[in-house]
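Undergrad: Quick one, what's the 3D model for this:
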Amino acid sequence: MTPAPILLVEDDENDIFFFTRAVQLTATDRPLQVVKDGMQAMEYLGGKGNFADRQKYPFPGVVILDLNLPRKPGLEVLKWIRQHTEWSGIPVVVLTSSSSDLDVTVAYRLGANSYFVKPTDPDALTDLLRVFQEYWFKWGRVLPVPSV
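TA: Here you go, the predicted model:
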């Protein structure tokens with residue numbers, strides 16, 4: 001059985017490219033799904049619209065969430081995720097360019113599991129993803145994928 005994918009919620013094409021590259025370099029067995037705005041993230045998680053086919057768009061095992069998104073900001077997406085009790089336990093990791101103490105505080109108060117400022121060096125991003133994989137997928141346990 002294929003492991004639940006990583007859902008990357010990111011609108012910047014360069015960041016998507018470097019994250020995808022880091023996933024390939026770390027040889028994760030987790031597929032990567034990408035959505036480019038907050039509304040798409042909500043549709044994906046809810047299995048709505050273009051994302052209704054769970055064979056093609058399986059429920060993710062973890063969400064990597066940017067805060068600065070078009071259509072629906074990342075903090076609103078995080079709040080929305082935590083309001084849905086049937087899958088509110090999915091790990092949500094904020095990966096954003098904001099180092100604002102206010103953003104960090106609000107993200108944790110809304111239920112973020114971790115908060116990282118995006119590294120500007122692609123190799124540092126790969127190192128971060130290796131640590132992330134070790135923590136969440138090798139040693140840590142995530143909730144079973146809900147039947148949605």
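Undergrad: Report all helices and strands that the worst-scoring helix or strand of the chain on mean pLDDT contacts.
TA: In the chain, no helix or strand scores lower on mean pLDDT, DSSP states H and E than helix 122-133, which sits at a mean of 89. Packing partners of helix 122-133 (3 or more C-beta pairs under 8 Å, 6 or more residues apart in numbering; DSSP states H and E): helix 13-25. Where you see a C-beta, it was placed from the backbone N, CA and C, and this is true even at glycine.
Undergrad: Just checking: what are the partner strands of the next helix-or-strand element following the helix it packs on?
TA: Counting by DSSP states H and E, the element after helix 13-25 in chain order, helix or strand, is strand 32-35. The partner list of strand 32-35 in its sheet, established with DSSP bridges, is strand 6-9 (parallel).
Undergrad: could you give me the average pLDDT of whichever strand or helix holds residue 107?
TA: Taking DSSP H and E as the definition, residue 107 sits inside helix 101-109. Averaging pLDDT along helix 101-109 yields 97.
Undergrad: Residues in contact with that helix: which ones?
TA: Residues from elsewhere that reach helix 101-109 (C-beta atoms under 8 Å, 6 or more residues apart in numbering): 67, 75, 78, 94, 96, 115.
Undergrad: Buried ones in the least confident helix or strand of the chain, by neighbour count?
TA: Applying a neighbour-count criterion of 16 or more other C-beta atoms under 10 Å, the buried positions in helix 122-133 are 125-126, 128-129, 132-133.
Undergrad: For those, work out which two are farthest apart.
TA: For those, the farthest-apart pair by C-beta to C-beta is 125 and 133; their separation is 12.5 Å.
Undergrad: which neighbours do these two share?
TA: With C-beta under 8 Å, 6+ apart, residue 125 and residue 133 have no common neighbours.
Undergrad: Residue 62 against residue 94, yeah?
TA: No. Using C-beta atoms under 8 Å, residue 62 is not in contact with residue 94, being 11.8 Å away.
Undergrad: In this protein, where is pLDDT below threshold?
TA: Applying pLDDT under 70 to the chain flags the ranges 1, 138-148.
Undergrad: Try it again at 80.
TA: Residue ranges of the chain with pLDDT under 80: 1-2, 27-28, 88, 136-148.
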